[in-house]
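Peer 1: coords below, sequence missing:
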């Protein structure tokens, strides 16, 4: 079966920096994968490659078997790759409702778009804020709005960049629950730092280091790998 | 918990006036005022004043064209007068050649639009940055000015119409009823046509902003990256905005050529371009009524200053621009809106600043997020 997402020998160089090295990544339909790695490991660049914001120096990205590596920046979104960025990327001057509506409207008729917008806002608990201007909301609330924007576009593949950053333990647990729920209908790639969070959601973890994939395994085996403990957690192998 | 159930007044409603300006009621009110003026002014005003009022209306159409592409599309075009001038010249040349004004009227809108499409394609599909946008549009305007300015000789003509160079084109035939060259539009007819066109343009733009096309245009201004990530081709939307603005400016140009039966290269000039930007800044960016208010107010003021010899009108205009940029950066119309909202908030005894502060307290944030998941749970069960 064709994987939902596949990268073949993906490379990116920014001047002298080799940000992505021969990345061969594969994600099945409806899979939930976590990507970890220390700062500068190339996680954000990887997401930018998948969403068409950065062009690969060499290699290919296949989405459902279709090569998307040379496409215009709006094509990945059109084909069905949604992303929640690390710093919420929203229309700050527009209302919560308008933000989500714009995502829903591209694939829906006006009447359906109204319905999808309402349902999505209800799902993330922001319906009461539908008239609020997004730029005036607190950071945490903007995170929920962006999540709603991503879900409303109903993409087969959702990329989440540090969804639990800056959250309390209770919130982390609840975010994990929401992500598992989203995973019933969508495949997900989640970039995270918090290992307890990763254990809650992922069966498989991909470890990036200096732009290359160095390990792909279950969370427990990744955590017990001495090499990864050394580079990722700063611990010396015992 | 209270915060989520009861979002603060500040967030729930952006203030009565601001909300008003976004609803259909305000569009209906604006149209109603326009229609009243359309029927009353020709009956009340004498011919001289009516002709004065006509030029205010014509220039208001031009102001709205820039107010739309700048305020809603985020495209600061320094050369909006290029499309205005092209409209005027296209009408003048076409009507001299063809006699009947129906086709020239259409051409005066189509030619600037096609020109803008070509120029906009280079700008938006060539991924030029905003700074170059301003430089290119300004340069194009000046090139057109110099080009037309240097066509004074009798050898410069299109069909039977001489271009006239710095002398301009005099005696432009007025608009006539389609098919009947003798049934020409009078001063009163031109006023009614101009105001009718202004109302039509306003209505069209309001309708546009209520549907997907218009909302994506506004969204592209807010955050182009997110527009692309959602799968919308931002370039195409910007190009459409630019072309629509040029078409409206061309319409204004056609009416301008009718108003004075004369057009000259100065309408391509730097002063004209700068003036449109001042109207929009003073009236208010991000509204459609604002540019009209700014245009009428500044023009009226300029003509009042022009009647005396003490102060130079450009000096006063410059001072007004500086005052507005420093003290009323939002412009007249949105400025009145925020003053009204602040007063309303004070009357409700819920100061705007306090509300906003309250909402940003971290504990509220956590509560809101916690509740968000709770409600999500309820819905998924």
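Peer 2: Sure thing, it's come through. Since this is a predicted model, take the numbers as computed values, not measurements.
Peer 1: For the closest residue to chain A within the stretch 201-350 of chain B, list the residues it contacts.
Peer 2: Closest approach between the stretch 201-350 of chain B and chain A, counting by Cβ to the nearest Cβ: residue B:231, at 3.3 Å. Where C-beta positions appear, they are placed from N, C-alpha and C, glycine not excepted. Applying Cβ atoms under 8 Å, 6 or more residues apart in numbering or on different chains to residue B:231 gives the contacts A:74, A:75, A:76, A:77, A:78, A:79, A:106, A:153.
Peer 1: which SS class is residue A:87?
Peer 2: coil (DSSP: H, G, I helix; E, B strand; the rest coil).
Peer 1: Need the pLDDT of it.
Peer 2: As predicted, residue A:87 sits at a pLDDT of 87.
Peer 1: And residue A:196, by the same measure?
Peer 2: At residue A:196, pLDDT is 84.
Peer 1: from the chain's centre, how far out does stretch B:145-159 sit?
Peer 2: Relative to its chain's centre, stretch B:145-159 lies at 30 Å (Cα atoms, centre = their mean, to the nearest Å).
Peer 1: right, I mislabeled it, should have said stretch B:247-266
Peer 2: On Cα atoms, centre = their mean, the centre of stretch B:247-266 falls 16 Å from the chain's centre.
Peer 1: What residues of that stretch count as buried?
Peer 2: B:247-259, B:262-266 (16 or more other Cβ atoms under 10 Å in any protein chain shown).
Peer 1: before we move on, what about stretch A:5-15?
Peer 2: In stretch A:5-15, counting by 16+ other Cβ under 10 Å, buried: A:5, A:6, A:7, A:8, A:10, A:11, A:12.
Peer 1: Pick out whichever of the residues you listed sits closest to residue A:141.
Peer 2: residue A:5 (30.1 Å; Cβ to Cβ).
Peer 1: Tell me who's in contact with the closest one.
Peer 2: Counting by Cβ under 8 Å, 6+ apart, residue A:5 has contacts A:25, A:26, A:27, A:50, A:61, A:62, A:63, A:157, A:187, A:189.
Peer 1: What does the pLDDT read for the first one?
Peer 2: pLDDT, residue A:25: 94.
Peer 1: Secondary structure class of it, three-state.
Peer 2: strand.
Peer 1: Correct me if wrong: it contacts residue A:206.
Peer 2: Yes. Between residue A:25 and residue A:206 there is a contact at 6.7 Å, judged by Cβ atoms under 8 Å.
Peer 1: Okay, now the unreliable bits of the stretch 251-381 of chain B?
Peer 2: Counting by pLDDT under 70, the stretch 251-381 of chain B contains low-confidence residues at B:349-381.
Peer 1: residue of chain A with the smallest distance to chain B?
Peer 2: Taking Cβ to the nearest Cβ, chain A has residue A:125 as its residue nearest chain B, at 2.9 Å.
Peer 1: burial of that residue, as a residue count?
Peer 2: By the criterion of other Cβ atoms under 10 Å in any protein chain shown, residue A:125 has 25 neighbours.
Peer 1: can you give me the strands for chain A?
Peer 2: For chain A, the strands defined by DSSP state E cover A:5-14, A:17-27, A:32-36, A:58-63, A:66-67, A:81-84, A:157-161, A:187-191, A:204-209, A:212-217.
Peer 1: What is the helix or strand containing residue B:325 packed up against?
Peer 2: According to DSSP states H and E, residue B:325 maps onto helix B:313-327. Other helices and strands packing on helix B:313-327, by 3 or more Cβ pairs under 8 Å, 6 or more residues apart in numbering or on different chains; DSSP states H and E, are helix B:270-283, helix B:289-306.
Peer 1: Could I get the buried residue list for it?
Peer 2: B:313, B:317, B:320, B:321, B:324.
Peer 1: Nearest residue to the last one in space, please, no chain neighbours.
Peer 2: Same thing as residue B:324. residue B:282 (5.1 Å; Cβ to Cβ, 6 or more residues apart in numbering or on different chains).
Peer 1: Residue A:69 now?
Peer 2: residue A:61 (4.4 Å).
Peer 1: Could you give the number of residues near that neighbour?
Peer 2: Neighbour tally, residue A:61, other Cβ under 10 Å: 23.
Peer 1: Also residue B:140?
Peer 2: Residue B:140: 19 neighbours (other Cβ under 10 Å).
Peer 1: who's in contact with it?
Peer 2: B:79, B:82, B:119.
Peer 1: Tell me if the last one really is in a strand.
Peer 2: No. Looking at residue B:119 with three-state DSSP, it is helix, so not inside a strand.
Peer 1: Just to check, it is in contact with residue B:136?
Peer 2: Yes. Here residue B:119 reaches residue B:136: they are 7.3 Å apart, a contact under Cβ under 8 Å.
Peer 1: Let's verify residue B:183: helix, strand, or coil?
Peer 2: When classified by three-state DSSP, residue B:183 comes out as strand.
Peer 1: cool, the one 5 residues further on as well?
Peer 2: Assigned with three-state DSSP, residue B:188 falls in the helix class.
Peer 1: picking up where we left off before, would you confirm that the residue nearest to residue A:69 contacts residue A:48?
Peer 2: No. Checked against Cβ under 8 Å, the pair residue A:61 and residue A:48 is beyond contact range at 11.3 Å.
Peer 1: coming back round to it: what about the residue nearest to residue A:69, distance to residue A:4?
Peer 2: 12 Å (Cβ to Cβ, to the nearest Å).
Peer 1: coming back round to it: sitting in helices, which of the contacts of residue B:231 do you find?
Peer 2: Filtering the contacts of residue B:231 for membership in helices, criterion DSSP state H, returns A:75, A:76, A:77, A:78, A:79.
Peer 1: By mean pLDDT, flag the weakest helix or strand of chain A.
Peer 2: helix A:226-233 (a mean of 78; mean pLDDT, DSSP states H and E).
Peer 1: and the angle for that one with strand A:212-217?
Peer 2: 120 degrees (axes from the mean of the first three to the mean of the last three Cα atoms, to 10 degrees).
Peer 1: Now do helix A:226-233: distance to the chain's middle.
Peer 2: 23 Å.
Peer 1: Show me the shaky parts of the stretch 1-150 of chain B.
Peer 2: Residues of the stretch 1-150 of chain B that meet the cut-off, pLDDT under 70, sit at B:1-23.
Peer 1: Done for today, thanks.
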